[in-house]
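Peer 1: Sequence first, then the predicted structure, then my questions.
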Amino acid sequence: MIKKGNAYLILCMSLIFNIHSNFHAAYSQSAMTNLSARHCVNLNGKWQVIIDPTGTGNWRQVWLEKKPEKKTDFYEYSFEESPVLNVPGDFNTQKPELTYYEGTVWYKKIFDCHSIKNKRLFLHFGAVNYVADVYLNGNRIGSHEGGFTPFQFEITNAVKEGEDSIVVMVNNQRKKDGIPGLGYDWFNYGGITRDVNVVETDNSFIEDYFIQLKKHSLNEVLGWIKISGNILAQKVSVIIPELGVDYKTKSNKEGMAEINFHSTFKLWSPDNPKLYKVILQSETDTVVENIGFRSIETQGTKIVLNDKPLFLKGINIHEENPLRAARAFSESDALVLLTWAKELGCNFVRLAHYPHNEYMVRLAEKMGMMVWDEIPVYQHIEFSAQGVTDKITLMMREMIRRDKNRCGVVIWSISNETYDSTPNRTNALISLSQQCRLLDSTRLITSAICSQGYSNNTFDVWDTLYRHFDVVSINEYLGWYVPWQGNSKEVKWNLVCNDKPIIISEFGGEALYGSNYGPKDEAASWSEEYQEQIYKDQIEMLGTTPNLSGVCPWLLVDYRSLGRLHPIFQNGWNRKGLISERGDKKKAWYILKTYYESIINEY
Ligand code: GCB
């Protein structure tokens, strides 16, 4: 007979080890958690590049880095005389000729990192958009698809004495069967967009762990630690010095140790974002983490944090530093964006529409903002194309694997605005929600959906997919894409699920900062006043929304989106920001700030 505790462990193991679906059998390893606890050689900085718009580098085999030895050797490529790009960073904003580039760039970096007895080495990428083929010293070591999640390859036996050379083929061409697919409303920044490190571990090391409160509990931790390597059965401890916790257990012959202990925690909340120093120790390894403890659940139509109902005062954010008009990647980028969110009065940020860099997630947690983490399953995904659901599943696993110890993360979102008319969409997302719950039963699961009707001033929220989520997340653009059909204070609602909390996960409208009233004292289109009025009307409408537990307007800052064609008001920018790309606050900012200040939560 399987004991309850063992059943939990077996479930975790099967989930962890199935992390590579068939699709990815020859692909990357999922990346280890918490790099900051490891000895790393950082490979950020200048990389040499070959820009390859026709993709010929593949048949020229540029990863072999051939150099002419005699006069008759002609190799039609060379990294030696090539330009350089900064890593991390998108390539589009680093060279004028790459501004609108979607294609292949070959990156090369020399490093010196020889193998050390009893140590293992991993080449870890924070993210590469979109496909990466990685070569070390002329040999292909693996590939990864997906622009926003970390991946790694073990290189212990692939490094040489002396210099090593990494070549990465990066391609950001949109694909019909990509995640996201061909069309999306943000800039397709390509490149090695996040940090690159060579990570050193002992032969046997703590590969992963899950240390969070058990669902429905405020004082019981239920989790696991996974050891990888040649000594799998080890003594394992979890130490929290501030609480006097020194929990001891053993990992089994598969390297899994169940963690289960009680303590009296100061619970994490937006008002008190308390994190504890947690030390995970095995006989061969030690990992130090900052971990917070909180519970998040729904009770009927309420979202409940630490047993108290709360209202999510949110804002959507894209991973872009508007001041540089480039992909955001650093802690200082995160600070710019999150300081604005905090100033707006937010206790919640939706990191749209893909997993943002880890600095964003960690800083939001530290600053007391709950996080909605999302995978880029966006609008026109080809659910019936071969391999698509496998890719989505893998991305979801990669996101959860990276962020599952972040108490700040309270919601996993598995899609945005997919259409129920798309073949296989509903079944695929139901199955994904089930897998998500198996991987992490402690957080809320949702999808932002926009399939609904609005006529006679009545909202008809009919998409049955909502039944499979904890929260009903509605994107609606009344006052912008959809004209009002009556008084905003008198909107009526028909809900397919009236037993769950609702978040209005998007609303808004565009305004060019500095564009003001029209000639007739009436708010002109694209003016700040027009946007301001949308916010006023929406806030009135929120008063009519049943089961409302949170709001998350679209969005904090104007961002680049090439489909936004208006030559005066947009010029390649989506102007639904409350802040312009120069950091100026628009009038609607103050409306939302006042609304948020009027809502008091008690945690
Ligand atoms: C949406 C999408 C968001 C768009 C926004 C807009 O519904 O979810 O990604 O950018 O509308 O600006 O239209």
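Peer 2: Alright, I've got the coordinates.
Peer 1: what's the helix or strand for the residue nearest to the spatial centre of the chain?
Peer 2: Residue closest to the average C-alpha location in the chain (Cα atoms, centre = their mean): P355, at 1.0 Å. Here P355, judged by DSSP states H and E, is contained in no helix and no strand.
Peer 1: my read: E528 touches G518, true?
Peer 2: No: if you go by Cβ atoms under 8 Å, E528 and G518 don't touch, sitting 11.7 Å apart. Glycine gets a C-beta too; all of them are placed from N, C-alpha and C.
Peer 1: Pick out whichever of those two has more residues nearby.
Peer 2: E528 (23 against 14; other Cβ atoms under 10 Å).
Peer 1: and the more buried one, what does it touch?
Peer 2: Counting by Cβ atoms under 8 Å, 6 or more residues apart in numbering, E528 touches A511, L512, Y513, G514, S515, N516, K586, K587, A588.
Peer 1: are any of these buried, and which?
Peer 2: For the contacts of E528, a neighbour count by 16 or more other Cβ atoms under 10 Å gives the buried set as A511, L512, Y513, S515, K586, K587, A588.
Peer 1: Leaving out chain neighbours, which residue sits closest to the second one?
Peer 2: Leaving aside its chain neighbours, L512 sits nearest to F569 (4.7 Å; criterion: Cβ to Cβ, 6 or more residues apart in numbering).
Peer 1: Cross-check the contact I'm expecting between the one you found and G514.
Peer 2: No: the pair F569 / G514 is not scored as a contact, 10.9 Å apart, by Cβ under 8 Å.
Peer 1: What parts of the stretch 351-500 of the chain come near the ligand?
Peer 2: H353, N416, E417, C450, N475 (Cβ under 6 Å from any ligand atom).
Peer 1: burial count for the third one?
Peer 2: So the one you mean is E417. 19.
Peer 1: Please report how far it lies from T286.
Peer 2: 44 Å (Cβ to Cβ, to the nearest Å).
Peer 1: Kindly report the same for the first one.
Peer 2: When distances are taken as Cβ to Cβ, H353 and T286 turn out to be 37 Å apart.
Peer 1: which SS class is I231?
Peer 2: Secondary structure assignment for I231 (DSSP: H, G, I helix; E, B strand; the rest coil): coil.
Peer 1: For it, give me phi and psi.
Peer 2: phi -120, psi 100 (degrees, to the nearest 10).
Peer 1: Excluding sequence neighbours, find me the nearest residue to it.
Peer 2: In space, I231 is closest to S204, 4.3 Å off (Cβ to Cβ, 6+ apart).
Peer 1: would Q531 count as being in a helix?
Peer 2: Yes: when three-state DSSP is applied, Q531 is found to be in a helix.
Peer 1: Which of the helices or strands spans the spatially closest residue to it that is not a sequence neighbour?
Peer 2: Leaving aside its sequence neighbours, Q531 sits nearest to A511 (Cβ to Cβ, 6+ apart; 3.6 Å). For A511, there is no host helix or strand (DSSP H and E).
Peer 1: A523 versus A511, what's the distance?
Peer 2: Per Cβ to Cβ, A511 is found 9 Å from A523.
Peer 1: just T464 next, same as before
Peer 2: T464 is 38 Å from A523, by Cβ to Cβ.
Peer 1: May I see the buried residues of stretch 521-530?
Peer 2: A523, W526, S527, E528, E529, Y530.
Peer 1: tell me the least confident of these?
Peer 2: Among those, A523 has the lowest pLDDT, at 82.
Peer 1: surely it meets Q533?
Peer 2: Yes: using Cβ under 8 Å, A523 makes contact with Q533 at a distance of 5.7 Å.
Peer 1: Now the two most distant members of the contacts of E528.
Peer 2: G514 and A588 (13.6 Å; Cβ to Cβ).
Peer 1: for T544, what are its contacts?
Peer 2: S488, K489, E490, V491, K492, W493.
Peer 1: Now do the shared contacts for A511 and A523.
Peer 2: With contacts defined as Cβ under 8 Å, 6+ apart, the residues shared by A511 and A523 are Y530, E532.
Peer 1: sorry, back to before: what about the contacts of E528, which are in helices?
Peer 2: Among those, the residues falling in helices (DSSP state H) are K587, A588.
Peer 1: could you dump the buried ones among the contacts of E528 to CSV with pLDDT and distance to the ligand?
Peer 2: Listed next are the buried ones among the contacts of E528 as CSV, based on pLDDT from 0 to 100; distance: Cβ to the nearest ligand atom, whole Å:
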residue, pLDDT, distance to the ligand
A511, 98, 12
L512, 97, 14
Y513, 98, 16
S515, 94, 17
K586, 98, 15
K587, 98, 18
A588, 98, 14
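Peer 1: from those, which single one is nearest N601?
Peer 2: For the buried ones among the contacts of E528, the nearest to N601 is A588 (22.6 Å; Cβ to Cβ).
Peer 1: For the ligand, what's the nearest residue on the stretch 251-400 of the chain?
Peer 2: The ligand sits closest to H353 of the stretch 251-400 of the chain, with a gap of 5.8 Å, by Cβ to the nearest ligand atom.
Peer 1: mind listing what that residue touches?
Peer 2: P180, Y184, W186, H318, E374, P376, Y378, N416.
Peer 1: circling back to that earlier point, so of the residues of the stretch 351-500 of the chain next to the ligand, which two are at opposite extremes in space?
Peer 2: With Cβ to Cβ as the measure, no two of those lie farther apart than H353 and C450, at 12.9 Å.
Peer 1: Burial check on F311, number of neighbours?
Peer 2: For F311, using other Cβ under 10 Å, the count is 19.
Peer 1: Spell out the secondary structure type for the residue nearest to it when sequence neighbours are not counted.
Peer 2: Nearest residue to F311 in three dimensions, chain neighbours excluded: I599, at 5.2 Å (Cβ to Cβ, 6+ apart). Three-state call for I599 (three-state DSSP): coil.
Peer 1: What helices and strands are in contact with the helix or strand in which S505 is found?
Peer 2: Per DSSP H and E: S505 is located in strand 502-506. Helices and strands touching strand 502-506, by 3 or more Cβ pairs under 8 Å, 6 or more residues apart in numbering; DSSP states H and E, are strand 312-317, strand 444-449, strand 472-475, strand 548-551.
Peer 1: Not counting sequence-adjacent ones, nearest residue to the residue in the stretch 1-150 of the chain that the ligand sits nearest to?
Peer 2: Going by Cβ to the nearest ligand atom, the ligand is nearest to F148 of the stretch 1-150 of the chain, at 14.6 Å. Excluding the flanking residues, the one nearest F148 by Cβ to Cβ, 6+ apart is Y354, at 4.0 Å.
Peer 1: List the contacts of the one you found.
Peer 2: Here Y354 is in contact with G147, F148, P180, E319, E374, I375, P376 (Cβ under 8 Å, 6+ apart).
Peer 1: how close does the fourth one get to L556?
Peer 2: Right, E319. As for E319, its distance to L556 is 11 Å (criterion: Cβ to Cβ).
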